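Trainee: Provided below for reference: sequence and predicted model.
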Amino acid sequence: MSIDTGQERNSTAVDVRIMTRAELALHGVRMDAEVARPAGAGPSDDGHVLVDGAGAALPTNPASPYSVRDGRVWLGEEDVGVEITPVRRPRFYDLSTADGVRYERIARLHGADVLATTVVQTCVRYAESDRCRFCTIEESLRGGATVAAKTPAQLAEVAAAAVRLDGVRQMVLTTGTTAGPDRGARNLARSVRAVLAAVPGLPIQVQCEPPGELRWIGELEAAGATAIGIHVEALDEQVRRRWMPGKSQVPLAEYEAAWDEAVRVFGHNRVSTYLLVGLGEDPDELIDGAAGLIERGVYPFVVPFRPMAGTLAARDGVEAPSGELLAYVTDAVAGLLRRAGMSGADQGAGCAACGACSVLRTAGG
(Lines give C-alpha, C1' and ligand atoms only; values in the text may rest on other atoms or scores of the structure.)
Protein backbone atom coordinates (compact mmCIF):
# COMPACT_ATOMS: atom_id res chain seq x y z
CA MET A 1 0.00 0.00 0.00
CA SER A 2 1.48 3.34 -1.03
CA ILE A 3 0.62 6.48 0.92
CA ASP A 4 1.35 10.05 -0.12
CA THR A 5 2.69 11.62 3.08
CA GLY A 6 2.69 15.11 1.62
CA GLN A 7 -1.08 15.44 1.57
CA GLU A 8 -2.31 18.99 2.13
CA ARG A 9 0.66 19.95 4.29
CA ASN A 10 1.26 23.21 2.51
CA SER A 11 -2.18 24.39 3.57
CA THR A 12 -2.32 26.23 6.90
CA ALA A 13 -6.11 26.05 7.03
CA VAL A 14 -7.47 23.50 9.48
CA ASP A 15 -11.20 22.85 9.79
CA VAL A 16 -12.58 25.01 12.61
CA ARG A 17 -14.24 21.92 14.16
CA ILE A 18 -10.86 20.21 14.44
CA MET A 19 -9.25 23.32 15.91
CA THR A 20 -12.02 23.75 18.47
CA ARG A 21 -11.87 20.10 19.47
CA ALA A 22 -8.08 20.35 19.81
CA GLU A 23 -8.40 23.39 22.06
CA LEU A 24 -10.94 21.57 24.22
CA ALA A 25 -8.65 18.53 24.48
CA LEU A 26 -5.82 20.73 25.72
CA HIS A 27 -7.56 23.42 27.78
CA GLY A 28 -10.66 21.55 28.86
CA VAL A 29 -13.84 23.14 30.09
CA ARG A 30 -15.12 24.78 33.26
CA MET A 31 -17.48 22.08 34.44
CA ASP A 32 -17.89 19.23 36.90
CA ALA A 33 -17.78 15.65 35.64
CA GLU A 34 -19.49 12.67 37.28
CA VAL A 35 -17.05 10.24 35.62
CA ALA A 36 -13.34 11.05 35.77
CA ARG A 37 -10.03 9.26 35.78
CA PRO A 38 -7.73 10.79 38.42
CA ALA A 39 -4.45 9.18 37.34
CA GLY A 40 -2.99 6.11 35.71
CA ALA A 41 -0.96 4.80 32.82
CA GLY A 42 -2.72 6.70 30.05
CA PRO A 43 -2.48 10.19 28.62
CA SER A 44 -5.25 11.96 30.52
CA ASP A 45 -6.75 12.48 33.96
CA ASP A 46 -9.88 14.06 32.58
CA GLY A 47 -13.63 14.12 32.90
CA HIS A 48 -15.59 11.91 30.53
CA VAL A 49 -18.27 13.58 28.44
CA LEU A 50 -20.01 13.30 25.10
CA VAL A 51 -19.00 15.96 22.58
CA ASP A 52 -21.54 16.14 19.78
CA GLY A 53 -22.59 12.65 20.81
CA ALA A 54 -19.13 11.08 20.74
CA GLY A 55 -17.07 10.10 23.78
CA ALA A 56 -14.42 12.61 24.84
CA ALA A 57 -11.97 12.91 27.72
CA LEU A 58 -11.57 16.60 28.54
CA PRO A 59 -9.75 18.30 31.41
CA THR A 60 -12.19 19.74 33.93
CA ASN A 61 -10.24 22.97 34.20
CA PRO A 62 -11.54 25.92 36.26
CA ALA A 63 -9.10 28.18 34.39
CA SER A 64 -10.29 27.12 30.92
CA PRO A 65 -11.62 29.84 28.60
CA TYR A 66 -14.41 27.41 27.67
CA SER A 67 -17.56 26.99 29.72
CA VAL A 68 -20.80 25.03 29.41
CA ARG A 69 -24.28 26.51 29.34
CA ASP A 70 -27.43 24.55 28.64
CA GLY A 71 -25.45 21.69 27.13
CA ARG A 72 -23.44 23.92 24.76
CA VAL A 73 -19.78 25.00 24.85
CA TRP A 74 -19.12 28.73 25.04
CA LEU A 75 -15.94 30.75 24.55
CA GLY A 76 -16.69 33.89 26.47
CA GLU A 77 -20.02 35.04 25.03
CA GLU A 78 -19.69 33.01 21.83
CA ASP A 79 -21.45 29.70 21.32
CA VAL A 80 -18.77 27.64 19.54
CA GLY A 81 -21.32 25.23 18.09
CA VAL A 82 -20.43 22.18 20.17
CA GLU A 83 -22.85 20.16 22.28
CA ILE A 84 -21.54 18.60 25.47
CA THR A 85 -23.18 16.08 27.79
CA PRO A 86 -21.58 14.66 30.96
CA VAL A 87 -21.33 10.89 31.18
CA ARG A 88 -23.39 9.77 34.15
CA ARG A 89 -21.88 7.85 37.04
CA PRO A 90 -22.34 4.15 36.28
CA ARG A 91 -24.38 1.96 38.59
CA PHE A 92 -21.69 -0.70 38.86
CA TYR A 93 -19.57 1.79 40.85
CA ASP A 94 -21.97 1.25 43.77
CA LEU A 95 -21.06 -2.45 44.08
CA SER A 96 -18.23 -4.22 45.89
CA THR A 97 -16.71 -7.68 45.76
CA ALA A 98 -17.39 -10.19 48.50
CA ASP A 99 -14.13 -9.18 50.19
CA GLY A 100 -15.07 -5.49 50.17
CA VAL A 101 -13.22 -4.06 47.17
CA ARG A 102 -15.28 -1.42 45.36
CA TYR A 103 -15.77 -2.24 41.70
CA GLU A 104 -14.59 1.28 40.85
CA ARG A 105 -11.15 0.36 42.21
CA ILE A 106 -10.97 -2.64 39.88
CA ALA A 107 -12.15 -1.09 36.59
CA ARG A 108 -13.49 2.27 35.47
CA LEU A 109 -15.89 3.57 32.88
CA HIS A 110 -14.22 5.47 30.02
CA GLY A 111 -16.42 7.52 27.74
CA ALA A 112 -20.01 6.30 27.70
CA ASP A 113 -19.58 2.56 27.19
CA VAL A 114 -15.95 1.42 27.60
CA LEU A 115 -14.72 -0.45 30.66
CA ALA A 116 -10.99 -0.05 31.27
CA THR A 117 -8.49 -1.29 33.80
CA THR A 118 -4.79 -1.66 34.42
CA VAL A 119 -4.47 -5.32 35.39
CA VAL A 120 -1.10 -4.84 37.11
CA GLN A 121 -0.81 -1.30 38.50
CA THR A 122 2.97 -1.43 39.02
CA CYS A 123 5.76 -1.18 36.47
CA VAL A 124 9.35 -2.37 36.53
CA ARG A 125 10.29 0.93 34.89
CA TYR A 126 8.76 3.23 37.53
CA ALA A 127 11.98 4.21 39.31
CA GLU A 128 12.57 7.89 38.52
CA SER A 129 15.64 7.11 36.41
CA ASP A 130 13.58 4.81 34.14
CA ARG A 131 10.06 6.20 34.33
CA CYS A 132 8.17 7.52 31.33
CA ARG A 133 7.88 11.25 32.07
CA PHE A 134 4.18 11.37 31.10
CA CYS A 135 3.08 8.35 33.18
CA THR A 136 1.41 8.11 36.60
CA ILE A 137 0.65 4.40 36.66
CA GLU A 138 1.61 3.97 40.32
CA GLU A 139 0.25 7.31 41.56
CA SER A 140 -3.37 6.12 41.45
CA LEU A 141 -2.26 3.10 43.48
CA ARG A 142 -0.55 5.28 46.07
CA GLY A 143 -3.66 7.44 46.27
CA GLY A 144 -5.88 4.45 47.00
CA ALA A 145 -7.94 4.76 43.80
CA THR A 146 -7.12 1.21 42.71
CA VAL A 147 -5.49 -2.05 43.77
CA ALA A 148 -2.07 -3.31 42.75
CA ALA A 149 -3.17 -6.44 40.91
CA LYS A 150 -6.65 -7.34 39.71
CA THR A 151 -7.45 -11.03 39.64
CA PRO A 152 -9.13 -12.58 36.59
CA ALA A 153 -12.13 -13.41 38.79
CA GLN A 154 -12.49 -9.80 39.92
CA LEU A 155 -12.29 -8.51 36.35
CA ALA A 156 -14.88 -11.01 35.19
CA GLU A 157 -17.24 -10.04 38.01
CA VAL A 158 -16.96 -6.31 37.32
CA ALA A 159 -17.24 -6.70 33.56
CA ALA A 160 -20.43 -8.73 33.91
CA ALA A 161 -21.96 -6.08 36.16
CA ALA A 162 -20.88 -3.20 33.92
CA VAL A 163 -22.44 -4.84 30.87
CA ARG A 164 -25.62 -5.76 32.72
CA LEU A 165 -26.17 -2.49 34.58
CA ASP A 166 -24.60 0.17 32.38
CA GLY A 167 -24.53 -1.12 28.82
CA VAL A 168 -20.75 -1.38 28.50
CA ARG A 169 -19.92 -2.48 24.96
CA GLN A 170 -16.14 -3.01 25.02
CA MET A 171 -13.24 -3.41 27.43
CA VAL A 172 -9.59 -2.34 27.57
CA LEU A 173 -7.04 -4.34 29.57
CA THR A 174 -3.66 -2.70 29.94
CA THR A 175 -0.77 -3.48 32.27
CA GLY A 176 2.36 -2.12 33.78
CA THR A 177 5.43 -3.87 32.44
CA THR A 178 6.42 -6.94 34.43
CA ALA A 179 9.87 -8.47 34.84
CA GLY A 180 9.22 -11.67 32.91
CA PRO A 181 9.89 -12.15 29.19
CA ASP A 182 6.16 -11.85 28.44
CA ARG A 183 6.24 -8.28 29.90
CA GLY A 184 2.72 -8.66 31.26
CA ALA A 185 1.06 -10.56 28.41
CA ARG A 186 0.58 -13.71 30.51
CA ASN A 187 -1.65 -11.89 33.03
CA LEU A 188 -3.58 -10.25 30.20
CA ALA A 189 -4.30 -13.61 28.55
CA ARG A 190 -5.62 -15.06 31.81
CA SER A 191 -7.80 -12.00 32.32
CA VAL A 192 -9.25 -12.10 28.80
CA ARG A 193 -10.24 -15.75 29.23
CA ALA A 194 -11.95 -15.06 32.55
CA VAL A 195 -13.87 -12.02 31.29
CA LEU A 196 -15.08 -13.80 28.17
CA ALA A 197 -16.21 -16.77 30.23
CA ALA A 198 -18.44 -14.36 32.18
CA VAL A 199 -19.41 -12.10 29.25
CA PRO A 200 -19.14 -14.10 26.01
CA GLY A 201 -18.58 -11.95 22.94
CA LEU A 202 -17.46 -8.78 24.74
CA PRO A 203 -14.87 -7.04 22.51
CA ILE A 204 -11.58 -6.65 24.41
CA GLN A 205 -8.39 -4.81 23.54
CA VAL A 206 -5.18 -5.77 25.33
CA GLN A 207 -2.21 -3.42 25.70
CA CYS A 208 1.40 -4.23 26.57
CA GLU A 209 4.99 -3.64 25.55
CA PRO A 210 6.36 -5.87 22.79
CA PRO A 211 6.67 -9.27 24.50
CA GLY A 212 10.20 -10.58 24.60
CA GLU A 213 8.77 -13.76 23.11
CA LEU A 214 6.48 -12.94 20.19
CA ARG A 215 4.46 -16.12 20.72
CA TRP A 216 2.60 -14.26 23.45
CA ILE A 217 0.88 -12.17 20.80
CA GLY A 218 -0.67 -15.37 19.46
CA GLU A 219 -1.57 -16.42 23.01
CA LEU A 220 -3.47 -13.16 23.51
CA GLU A 221 -5.44 -13.67 20.32
CA ALA A 222 -6.10 -17.29 21.20
CA ALA A 223 -7.43 -16.16 24.59
CA GLY A 224 -10.08 -14.18 22.72
CA ALA A 225 -8.75 -10.62 22.52
CA THR A 226 -10.27 -8.61 19.67
CA ALA A 227 -7.43 -6.12 19.21
CA ILE A 228 -4.04 -5.19 20.64
CA GLY A 229 -2.25 -1.96 21.43
CA ILE A 230 1.55 -1.95 21.43
CA HIS A 231 2.33 1.63 22.37
CA VAL A 232 5.54 3.33 21.34
CA GLU A 233 4.46 6.97 22.03
CA ALA A 234 7.34 8.43 19.96
CA LEU A 235 9.35 7.29 16.95
CA ASP A 236 12.30 9.68 17.24
CA GLU A 237 15.13 7.99 19.16
CA GLN A 238 16.29 11.15 20.93
CA VAL A 239 12.73 11.87 22.06
CA ARG A 240 12.34 8.28 23.24
CA ARG A 241 15.51 8.42 25.31
CA ARG A 242 14.56 11.77 26.84
CA TRP A 243 10.94 10.93 27.65
CA MET A 244 11.12 7.15 28.20
CA PRO A 245 14.60 6.30 29.52
CA GLY A 246 13.59 2.78 30.55
CA LYS A 247 11.15 1.92 27.80
CA SER A 248 13.47 3.26 25.10
CA GLN A 249 15.84 0.40 25.90
CA VAL A 250 13.43 -1.75 23.93
CA PRO A 251 14.66 -1.04 20.38
CA LEU A 252 12.26 0.20 17.73
CA ALA A 253 13.12 -2.96 15.81
CA GLU A 254 11.37 -4.97 18.55
CA TYR A 255 8.29 -2.78 18.19
CA GLU A 256 8.32 -3.27 14.43
CA ALA A 257 8.60 -7.03 14.79
CA ALA A 258 5.78 -7.06 17.34
CA TRP A 259 3.53 -4.85 15.18
CA ASP A 260 4.10 -7.09 12.17
CA GLU A 261 3.37 -10.23 14.15
CA ALA A 262 0.30 -8.63 15.69
CA VAL A 263 -1.06 -7.63 12.27
CA ARG A 264 -0.43 -11.18 11.07
CA VAL A 265 -2.28 -12.64 14.06
CA PHE A 266 -5.05 -10.09 14.75
CA GLY A 267 -5.43 -8.70 11.25
CA HIS A 268 -5.09 -5.38 9.42
CA ASN A 269 -6.35 -2.43 11.52
CA ARG A 270 -6.73 -4.51 14.66
CA VAL A 271 -3.38 -3.27 15.99
CA SER A 272 -2.72 0.25 17.29
CA THR A 273 -0.04 2.36 18.89
CA TYR A 274 -0.09 5.68 20.66
CA LEU A 275 1.77 8.65 19.16
CA LEU A 276 1.97 11.59 21.58
CA VAL A 277 1.98 15.08 20.11
CA GLY A 278 4.03 17.58 22.09
CA LEU A 279 7.13 15.62 23.13
CA GLY A 280 9.38 17.65 20.83
CA GLU A 281 9.25 15.35 17.80
CA ASP A 282 9.29 17.18 14.46
CA PRO A 283 5.63 17.24 13.40
CA ASP A 284 6.28 16.33 9.77
CA GLU A 285 8.53 13.45 10.81
CA LEU A 286 5.78 12.32 13.19
CA ILE A 287 3.29 12.37 10.31
CA ASP A 288 5.71 10.43 8.11
CA GLY A 289 6.11 7.89 10.91
CA ALA A 290 2.33 7.57 11.16
CA ALA A 291 2.24 6.90 7.41
CA GLY A 292 4.72 4.06 7.86
CA LEU A 293 2.58 2.56 10.61
CA ILE A 294 -0.50 2.73 8.40
CA GLU A 295 1.37 0.91 5.65
CA ARG A 296 2.04 -1.84 8.21
CA GLY A 297 -1.67 -2.07 9.02
CA VAL A 298 -1.16 -0.40 12.42
CA TYR A 299 -3.49 2.41 13.51
CA PRO A 300 -1.49 5.43 14.81
CA PHE A 301 -3.60 6.76 17.67
CA VAL A 302 -2.54 10.41 17.80
CA VAL A 303 -3.09 11.93 21.25
CA PRO A 304 -1.89 15.19 22.82
CA PHE A 305 0.66 15.05 25.60
CA ARG A 306 -0.85 16.68 28.67
CA PRO A 307 1.18 17.22 31.87
CA MET A 308 -0.86 15.20 34.36
CA ALA A 309 -0.44 15.89 38.06
CA GLY A 310 2.09 13.48 39.51
CA THR A 311 4.16 13.10 36.35
CA LEU A 312 7.81 14.04 36.10
CA ALA A 313 6.90 16.30 33.19
CA ALA A 314 4.43 18.28 35.30
CA ARG A 315 6.95 18.51 38.12
CA ASP A 316 9.46 20.00 35.71
CA GLY A 317 6.99 22.49 34.25
CA VAL A 318 6.68 20.95 30.77
CA GLU A 319 3.67 22.39 28.97
CA ALA A 320 1.17 20.80 26.63
CA PRO A 321 1.50 21.45 22.88
CA SER A 322 -0.35 24.25 21.15
CA GLY A 323 -3.76 23.70 19.67
CA GLU A 324 -2.35 24.58 16.26
CA LEU A 325 0.28 21.83 16.46
CA LEU A 326 -2.20 19.22 17.66
CA ALA A 327 -4.73 20.14 14.97
CA TYR A 328 -2.08 20.11 12.24
CA VAL A 329 -0.75 16.65 13.08
CA THR A 330 -4.21 15.21 13.74
CA ASP A 331 -5.66 16.55 10.50
CA ALA A 332 -2.76 15.18 8.46
CA VAL A 333 -2.85 11.73 10.06
CA ALA A 334 -6.63 11.55 9.72
CA GLY A 335 -6.24 12.22 6.00
CA LEU A 336 -3.75 9.37 5.71
CA LEU A 337 -6.10 7.04 7.55
CA ARG A 338 -9.00 7.94 5.28
CA ARG A 339 -6.91 7.29 2.19
CA ALA A 340 -5.97 3.87 3.57
CA GLY A 341 -9.57 3.08 4.48
CA MET A 342 -8.70 2.73 8.18
CA SER A 343 -11.11 3.82 10.90
CA GLY A 344 -10.64 3.73 14.65
CA ALA A 345 -14.12 2.24 15.01
CA ASP A 346 -13.01 -0.75 12.92
CA GLN A 347 -10.50 -1.73 15.61
CA GLY A 348 -13.42 -3.39 17.34
CA ALA A 349 -12.24 -2.50 20.85
CA GLY A 350 -9.70 -0.28 22.55
CA CYS A 351 -8.49 3.28 22.63
CA ALA A 352 -8.80 3.95 18.91
CA ALA A 353 -12.28 2.40 18.86
CA CYS A 354 -13.28 4.60 21.81
CA GLY A 355 -11.49 7.71 20.51
CA ALA A 356 -12.15 9.80 23.63
CA CYS A 357 -8.54 10.87 24.29
CA SER A 358 -7.87 11.92 20.68
CA VAL A 359 -9.17 14.43 18.15
CA LEU A 360 -8.86 11.93 15.29
CA ARG A 361 -12.56 11.06 15.23
CA THR A 362 -13.50 14.72 14.73
CA ALA A 363 -10.94 14.89 11.91
CA GLY A 364 -12.45 11.85 10.21
CA GLY A 365 -9.94 9.21 11.35
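Mentor: Yes, it's here.
Trainee: what residues sit buried inside the lengthiest helix in the chain?
Mentor: Secondary structure assigned by DSSP state H gives helix 323-340 as the longest helix of the chain. Buried residues in helix 323-340, counted by 16 or more other CB atoms under 10 Å: 323, 325-337, 340. Yep, even glycine has a C-beta here, placed from its N, CA and C like the rest.
Trainee: can you tell me which of these is nearest residue 79?
Mentor: For the buried residues of helix 323-340, the residue nearest residue 79 by CB to CB is residue 323; the value is 18.7 Å.
Trainee: give the contact list for the closest one.
Mentor: Going by CB atoms under 8 Å, 6 or more residues apart in numbering, residue 323 touches 19, 22, 23, 26, 27.
Trainee: pretty sure the fourth one is touching residue 306, no?
Mentor: Yes: under the criterion of CB atoms under 8 Å, residue 26 lies in contact with residue 306, with a separation of 6.9 Å.
Trainee: which residues do the two both contact?
Mentor: With CB under 8 Å, 6+ apart, residue 26 and residue 306 have common neighbours 59, 320.
Trainee: doesn't residue 252 make contact with residue 235?
Mentor: Yes: between residue 235 and residue 252 there is a contact under CB under 8 Å: 7.1 Å.
Trainee: those two: which is more packed in?
Mentor: Shown here are residue 235 and residue 252; by other CB atoms under 10 Å, residue 235 has more neighbours (20 against 16).
Trainee: and the more buried one, how far from residue 109?
Mentor: Between residue 235 and residue 109 the computed distance is 32 Å (CB to CB, to the nearest Å).
Trainee: show me where the stretch 251-365 of the chain has helices.
Mentor: Per DSSP state H, counting those that start in this stretch, the stretch 251-365 of the chain carries helices over the ranges 252-266, 283-296, 312-315, 323-340, 351-354.
Trainee: nearest to residue 57, out of these?
Mentor: Here helix 351-354 is closest among the helices of the stretch 251-365 of the chain (CB to CB), at 8.9 Å.
Trainee: show me what that closest one is in contact with.
Mentor: So helix 351-354 is contacted by 42, 55, 110-111, 114, 170, 172, 203, 205, 207, 227, 229, 272, 274, 299, 301, 344-347, 357-358, 360 (CB under 8 Å, 6+ apart).
Trainee: rerun that using 7 Å as the cut-off
Mentor: Helix 351-354 is touched from outside by 55, 110-111, 114, 170, 172, 229, 272, 299, 301, 344-345, 347, 357, with contacts defined as CB atoms under 7 Å, 6 or more residues apart in numbering.
Trainee: now it, how far from the centre of its chain.
Mentor: How far helix 351-354 lies from its chain's middle: 7 Å, per CA atoms, centre = their mean, to the nearest Å.
Trainee: need the contact list for residue 361.
Mentor: Contacts for residue 361 were tallied using CB under 7 Å, 6+ apart; they are 54, 344, 355.
Trainee: repeat that for 10 Å
Mentor: If you count contacts by CB atoms under 10 Å, 6 or more residues apart in numbering, residue 361 has them with 21, 51-52, 54-56, 330, 334, 343-345, 352, 354-355.
Trainee: could you export these as CSV, including distance to residue 223 and pLDDT?
Mentor: Converted to CSV, those look like this (distance: CB to CB, whole Å; pLDDT from 0 to 100):
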residue, distance to residue 223, pLDDT
21, 35, 95
51, 34, 92
52, 36, 91
54, 30, 89
55, 26, 89
56, 30, 90
330, 33, 97
334, 32, 98
343, 25, 97
344, 23, 96
345, 23, 94
352, 20, 96
354, 21, 94
355, 25, 94
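Trainee: ok, of those residues, which one's closest to residue 137?
Mentor: For those, the nearest to residue 137 is residue 354 (19.0 Å; CB to CB).
Trainee: dig out what the closest residue to the closest one other than its chain neighbours forms beta bridges with.
Mentor: Among residues not flanking residue 354 along the chain, residue 114 sits closest, at 4.7 Å (CB to CB, 6 or more residues apart in numbering). Taking DSSP bridges, one finds residue 110, residue 170 as the beta-bridge partners of residue 114.
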